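>>> with the input below, show me the fold.
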Amino acid sequence: MTEQPAQPIFRSQDVPREPGVYVYRNRAGEVIYVGKARNLRSRMSSYFRPSGIMRSDPRRRALIHSIASYEVFQVSSDSEALLLEERFIKEYTPRYNVLLRDDKRFLHICIDMSETYPRLGVARIRRDDNCLYFGPFPQAAALRATIEFLTKRWHLRSCLATEPNEETRRHCLEHVLRECSSPCIGAISPEEYRARFDEVLAVLRGEGAAGAMVAELSVEMQALAAEMRYEEAAALRDMISNLKVVLEPTRRFRSQTIARRSQPADMASVEALQEALGLAMPPLVMECFDMSNISGRMAVGSMVCFRNGRPASADYRRFRIRSEAAADDTAYMSEVLTRRYGRLLRESLPLPDLIILDGGQGQLNAALRVFAEIGMPPLPMLGLAKRDELVILPGRDEPLALARDGAALKLLQAIRDEAHRFANGYHRELRNKRIVDSILSDIPGIGAVRRQQLLQTFGSVRAMARLTPEELAAGAAGIGMETAQKIVDYLRQHLKN
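Modelled structure (predicted):
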């Protein structure tokens, strides 16, 4: 008789053909194996084919017979799957896993913000030392190359001195080799240095002009290739690849901090939250909202849903802000809540047990106004303020401070962070679509043909920003002084180093 696992009845059509991580549990709900795959359906199917079971070694057969249920977590790339697999293995220590048990750690970017002149460093362990961390990053070579590029581009220091001075400069060649701005001798003020460093942090967080920077490098690479300077073009090509590998996938994964635990633990968190908030019923269905924009541009909103303490990704929704009058996060929140719950009420669809807003009293007040206008029945609702992780409740003068290590706050943080990740992902998608050739596409009146002409003539937008309007008009056919002035002013404003 062919050996078959008792559970689960594997349905390949329910599993995507995408990269991701799969988790197997036994009948007690314990995680017994975590794996990753470029194609989840193909990899998981191999566990449940009769021929595969017969050819398996005793350890694999024992694993298959122990599987009672499974979960899949789809991600965007194989790198993200590797990071998520490592996280789950370290969290659950499954008995059938042998890889990644050596406590190997990927690199993080580590920044000591207490230094007068911070620098970009690396660390393998994320410590509770008040430093700022980004990561982990699975590709160390790409990370180190990216750090070197960002350090040189923004003229940051890379010396190891905590407080660089004239004495440390005697043994340092960074100002010669990497164009360091030399803060150690006062060549740049602490305020100016911090302003540059803030721009780098914005790029690492996905809040700066990372996409525009990649687009500009692409244009420079094409210009070098056209001039047959192939080695320089290849170096830029490699740098663009490193930036895409380090910045994009890691930003997505960095904020993906959802707690993935067994069903009993998830329900325990739900019950802890019910008790902490004094709710009559456990919040089995929770919906959380977050907004994302850059200076009011391309504003978007997200709604994520947790059921029984777990993400229910099929119920996620995203919103592009339509109102031209909306000018801040509270206005964006009002529009999103109106659209979401106005529809549920019109169609008599089920409402959640708890509504969570990423923000403080302003967002909560906006929600109360919206619900009064649309005739929303009374529902438990709260705002979660990021700064001190305080819970803001309607009708309560003082915020509620939940235990920092308690299950209730961790569940709220998990759903809030997931809403933030989902909103940022949608916003990044819109930004990337908007970047066509370069930052020139943002200048009104400059079409695709004119952009291509300017880039072919001058090589890059940075080169154009260094020109006077007279030089730009003289070098580009068909560009008048008024247009040249507009281009130069715009580029100098948006390409500050």
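>>> ok, residue 338 - contacts?
Contacts of residue 338 were listed using C-beta atoms under 8 Å, 6 or more residues apart in numbering, and they are 370, 373, 374. For the C-beta atoms, the positions are set from N, CA and C on the backbone; glycine is no exception.
>>> mind doing that once more with 7 Å?
370, 374 (C-beta atoms under 7 Å, 6 or more residues apart in numbering).
>>> how about residue 476?
Residue 476 sits in contact with 453, 454, 457, where contact means C-beta under 7 Å, 6+ apart.
>>> what sits against residue 74?
Counting by C-beta under 7 Å, 6+ apart, residue 74 has contacts 16, 18, 20, 40.
>>> let me fix that: residue 408
272, 273, 276, 402.
>>> redo that, cut-off 10 Å
269, 270, 271, 272, 273, 274, 275, 276, 277, 391, 400, 402 (C-beta atoms under 10 Å, 6 or more residues apart in numbering).
>>> again with residue 484
By C-beta under 10 Å, 6+ apart, the contact set of residue 484 is 464, 467, 468, 469, 470, 471, 472, 473, 474, 475, 476.
>>> per-residue confidence at the last one?
If you check residue 476, the pLDDT there is 81.
>>> quick one: it and residue 182, what's the gap?
Distance, residue 476 to residue 182, using C-beta to C-beta, to the nearest Å: 36 Å.
>>> the second one too?
Computed as C-beta to C-beta, the residue 467 to residue 182 distance reads 28 Å.
>>> what does the first one give?
Taking C-beta to C-beta as the measure, residue 464 and residue 182 are separated by 28 Å.
>>> what does residue 348 give?
68 Å.
>>> these two - which one has more neighbours?
Using other C-beta atoms under 10 Å as the criterion, residue 348 and residue 182 rank with residue 182 on top: 16 against 6.
>>> would you mind measuring from that one to residue 286?
52 Å.
>>> what of residue 238?
Taking C-beta to C-beta, one finds residue 238 at 44 Å from residue 286.
>>> neighbour count winner among the two?
Neighbour totals were compared for residue 238 and residue 286, and residue 286 leads with 23 against 13 (other C-beta under 10 Å).
>>> report all helices and strands that the helix or strand hosting the more buried one contacts.
Assessed by DSSP states H and E, residue 286 sits inside strand 285-294. Counting contacts by 3 or more C-beta pairs under 10 Å, 6 or more residues apart in numbering; DSSP states H and E, strand 285-294 packs against strand 297-307, strand 317-320, helix 329-346, strand 354-358, helix 361-374, strand 381-385, helix 407-434.
>>> out of these, indicate the one that is most buried.
strand 354-358 (a mean of 25; mean count of other C-beta atoms under 10 Å).
>>> and the angle for that one with strand 285-294?
Orientation check (axes from the mean of the first three to the mean of the last three C-alpha atoms, to 10 degrees): strand 354-358 against strand 285-294 gives 20 degrees.
>>> which helices and strands sit right next to strand 354-358?
helix 263-277, strand 285-294, strand 297-307, helix 329-346, helix 361-374, strand 381-385, helix 407-434.
>>> okay, strands next: where are they in the stretch 51-200 of the chain?
Residue ranges of the strands in the stretch 51-200 of the chain, as given by DSSP state E, counting those that start in this stretch, are 69-74, 107-111, 121-123, 132-137.
>>> can you lay out those as TSV showing distance to residue 423?
Listed next are these as TSV, based on distance: least, C-beta to C-beta, whole Å:
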stretch	distance to residue 423
strand 69-74	19
strand 107-111	23
strand 121-123	28
strand 132-137	19
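>>> how about CSV for the ones you listed, with distance to residue 187 and mean pLDDT added?
Below are the strands of the stretch 51-200 of the chain laid out as CSV (distance: least, C-beta to C-beta, whole Å; pLDDT from 0 to 100):
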stretch, distance to residue 187, mean pLDDT
strand 69-74, 49, 87
strand 107-111, 22, 87
strand 121-123, 22, 88
strand 132-137, 25, 81
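>>> picking up where we left off before, filter the contacts of residue 408 down to the buried ones and hand me the PyMOL line.
Provided next is the PyMOL selection string for whichever of the contacts of residue 408 are buried by 16 or more other C-beta atoms under 10 Å:
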select buried, resi 269+270+272+273+274+276+277+391+402
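>>> out of the contacts of residue 408, who's nearest residue 119?
residue 402 (35.9 Å; C-beta to C-beta).
>>> so the closest one, which state does it fall into?
coil (DSSP: H, G, I helix; E, B strand; the rest coil).
>>> not counting residues beside it along the chain, what's closest to it?
Distances taken as C-beta to C-beta, 6 or more residues apart in numbering put residue 409 closest to residue 402, at 4.0 Å, once the chain neighbours are dropped.
>>> for that neighbour, give me its contacts.
Contacts for residue 409 (C-beta under 10 Å, 6+ apart) come out as 269, 272, 273, 276, 384, 389, 390, 391, 400, 401, 402, 403.
>>> next: residue 301.
Residue 301 neighbours (C-beta under 10 Å, 6+ apart): 289-293, 317-321, 329, 332-333, 335-337, 339-340, 358, 419, 422-423, 426-427.
>>> distance check, it against residue 235.
40 Å.
>>> nearest residue to residue 283 other than its sequence neighbours?
Residue nearest to residue 283 in three dimensions, not counting chain neighbours: residue 354, with 3.7 Å by C-beta to C-beta, 6+ apart.
>>> follow-up on the earlier one: tabulate the contacts of residue 409 (TSV), appending pLDDT and distance to residue 447.
Output for those, formatted as TSV (pLDDT from 0 to 100; distance: C-beta to C-beta, whole Å):
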residue	pLDDT	distance to residue 447
269	88	54
272	91	58
273	93	54
276	92	57
384	91	45
389	85	48
390	90	50
391	93	51
400	91	54
401	90	55
402	91	54
403	88	58
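>>> tell me which of these is nearest to residue 242?
Of the contacts of residue 409, the one sitting nearest to residue 242 (C-beta to C-beta) turns out to be residue 389, at 34.6 Å.
>>> which one of the helices and strands packed on strand 354-358 lies closest to residue 192?
The nearest among these, by C-beta to C-beta, is strand 285-294 at 23.0 Å.
>>> average pLDDT across the closest one?
pLDDT averaged over strand 285-294 gives 84.
>>> repeat that for stretch 316-328.
Mean predicted confidence for stretch 316-328 is 76.
>>> could you list the domains of the protein?
12-92, 107-254, 263-432, 439-494 (automatic domain parsing).
>>> how close does residue 311 get to residue 398?
31 Å.
>>> stretch 12-20: end-to-end distance?
15 Å (C-alpha to C-alpha, to the nearest Å).
>>> that should have said stretch 323-332, apologies.
End-to-end distance (C-alpha to C-alpha), stretch 323-332: 8 Å.
>>> where does the stretch 101-250 of the chain dip in pLDDT?
101-105, 170-171, 173-178, 206-211, 247-250 (pLDDT under 70).
>>> how does it look with 90?
101-109, 112-117, 119, 121-250 (pLDDT under 90).
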